[in-house]
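**Student:** Any chance you could fold what I've pasted below:
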Amino acid sequence: YTAGSANSNVSLSAFYSKTDGVTIATGDEKFGFRLNSDVTRGKFKMGESVSYSRWSADLESNSGFSSIYQVTNMEPLAFLYDENNDGGYGGAISGMGMSDAGNQVAYNKLIDNTSSNDYIAASGYLQYEPIKGLIVKFNASRNMYFGKTRLFKPTYEIGSAKRNTMASLSESRTQTTNDLLELTANYDKTIAEQHNLSLLLGLSQEENKYDDLSASGSDFENNDMSLMGHAKSNYSVGGTKTRSALRSLFGRVNYNYMMRYMIMASFRYDGSSRFAKGNKWGFFPSVSLGWNIANEPFWENLKETVSMFKFRLSYGALGNQNIGLYRYIPTLSYNTHVLNYPFGGRETSMGYAITAFPSSNIKWETTVYKNIGVDISLWNNKLELSAEAYIKNTSDMLSSRNISLATGYNSSILVNDGKLRTTGFEMQAIYHG
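**Tutor:** Below you'll find the predicted structure:
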């Protein structure tokens, strides 16, 4: 559904699908919707986007082998159903060399193996144009992912070799939240129909949070009482919670004179929560120059043959922060056979200890690109040619280094160690017939 006017627009869409799996008792279902709208009032403009989708699936149960193996290895004499067995399904017959094969239909029907994901995305913006060519825009968004898994294995007997005498259940819940706040000011100006200028300045903040919770247990009163609270033994719970963030100040200047002479300069000043105080921030500038000889007056007679002949030169730096979280601080390990201990008559008590050496001095990895190239278009862009040479230098590479066991830590640390230099030459030709 769509509707609109000179000052407002709205759009709504939805979808639904359901698919049966190749094997019995498997398949998935998807549905969701999206709503977009915007409205303009004078120098203000605002808009939003909201979407929701859900995916749920009945998964193939793990019988030790793939379903294709099970089907091709089952003897045709085996019964699909057997009311005398726990669960009501048949399987391998004793003494007939069928011990490895299982009844995949029984596994898929008896074992509850499900998974689902819910995705919610919402964003909105407010835009203001105080003077012609200047646009100030604030944008905010949140994306949320919810995951759920459930695996219940009841007691069953599937033939002579496949028995489960104690029911078990494991479940997990996950939640991921990604937030973004961004404020930008963009100014575009053309002077005397020859000078084109574009300026951008912005601030942004990203925050990512993750939570998960898992639990398992076994020994249920019967197969119908399959909630986690009904488990009587082998309890286990677990959970994690993480958070990371990135703040940035960025800017860009674009200028060209009649698309003949071009210059672009930009910078990013990024601060990452993955590094310690004093090393959080990194500065990454870039600049590029271009000269399109084909737009020079003296080239006018050659334009029909060579419509573009551009030289370009660029220099730029990029930062890398793709490492694990909390590597710069000491973290506690727990609930391992090395750390747990008996206390107060209890069989075990949960012990905590620092088992990894912190990498407190790590900082941004930086890659500097240098590039020189030429682009040529012939016969009104029918044939496009390009050639370029580049040098890429990476410094302060984030890498792992083993440490001596004499420190008391059986692990490695992250360091900014190593350099990498890559050089190359590339050529490309594109023909538009």
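
**Student:** Please count neighbours and contacts with C-alpha atoms only from this point.
**Tutor:** Noted.

**Student:** Which residue ranges of the stretch 101-250 of the chain form strands?
**Tutor:** With strands called from DSSP state E, counting those that start in this stretch, the stretch 101-250 of the chain shows them at 112-128, 134-153, 156-158, 162-164, 168-191, 195-218, 233-257.

**Student:** Dump the ones you listed into a markdown table; add mean neighbour count, distance to Glu426 and mean pLDDT as well.
**Tutor:** What follows is the strands of the stretch 101-250 of the chain, written out as a markdown table (neighbours: other Cα atoms under 10 Å; distance: least, Cα to Cα, whole Å; pLDDT from 0 to 100):
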| stretch | mean neighbour count | distance to Glu426 | mean pLDDT |
| --- | --- | --- | --- |
| strand 112-128 | 18 | 40 | 97 |
| strand 134-153 | 18 | 39 | 97 |
| strand 156-158 | 23 | 62 | 90 |
| strand 162-164 | 15 | 60 | 86 |
| strand 168-191 | 17 | 34 | 97 |
| strand 195-218 | 17 | 30 | 97 |
| strand 233-257 | 15 | 26 | 94 |
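
**Student:** could I get those strands as CSV with distance to Ala6?
**Tutor:** As requested, those are arranged in CSV below (distance: least, Cα to Cα, whole Å):
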stretch, distance to Ala6
strand 112-128, 17
strand 134-153, 20
strand 156-158, 66
strand 162-164, 67
strand 168-191, 24
strand 195-218, 27
strand 233-257, 31
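
**Student:** and of those, who's closest to Asp396?
**Tutor:** strand 233-257 (19.7 Å; Cα to Cα).

**Student:** what's the average pLDDT for the next helix-or-strand element following the closest one?
**Tutor:** In the C-terminal direction, the helix or strand that comes right after strand 233-257 (DSSP states H and E) is strand 261-272. Across strand 261-272, the average pLDDT comes to 97.

**Student:** swap in stretch 382-396?
**Tutor:** Per-residue pLDDT values across stretch 382-396 average out to 95.

**Student:** Might you calculate how far it sits from the centre of the chain?
**Tutor:** With Cα atoms, centre = their mean, to the nearest Å as the basis, stretch 382-396 stands 28 Å off its chain's centre.

**Student:** Could you do stretch 264-284 as well?
**Tutor:** Taking the mean C-alpha point of stretch 264-284 and that of its whole chain, the gap between them comes to 21 Å (Cα atoms, centre = their mean).

**Student:** Show me which positions of it end up buried.
**Tutor:** Buried residues in stretch 264-284, counting neighbours by 16 or more other Cα atoms under 10 Å, are found at 264-276, 279-284.

**Student:** what does it contact?
**Tutor:** 244-255, 285-289, 316-319, 321, 323-329, 360-364 (Cα atoms under 8 Å, 6 or more residues apart in numbering).

**Student:** Between the two ends of stretch 151-166, how far is it?
**Tutor:** Distance between the two ends of stretch 151-166: 14 Å, counting by Cα to Cα, to the nearest Å.

**Student:** Could you do stretch 226-236 as well?
**Tutor:** Stretch 226-236 stretches 16 Å from its first residue to its last (Cα to Cα).

**Student:** got a list of contacts for that stretch?
**Tutor:** Contacting residues not belonging to stretch 226-236 are listed as 152, 168-169, 215-221 [Cα under 8 Å, 6+ apart].

**Student:** Which among the strands of the stretch 101-250 of the chain is found nearest to Gly64?
**Tutor:** Of all the strands of the stretch 101-250 of the chain, strand 162-164 sits nearest to Gly64, with 10.4 Å by Cα to Cα.

**Student:** Would you list the strands that that closest one pairs with, along with their directions?
**Tutor:** Strand 162-164 has these partner strands in its sheet, going by DSSP bridges: strand 156-158 (antiparallel).

**Student:** hmm, who's touching the partner strand?
**Tutor:** Residues external to strand 156-158 that are found in contact with it (Cα under 8 Å, 6+ apart): 85-87, 89-92, 102-103, 106, 163-165.

**Student:** same thing but 10 Å
**Tutor:** Residues external to strand 156-158 that are found in contact with it (Cα atoms under 10 Å, 6 or more residues apart in numbering): 79-82, 84-93, 102-104, 106-107, 110-111, 162-167, 223.
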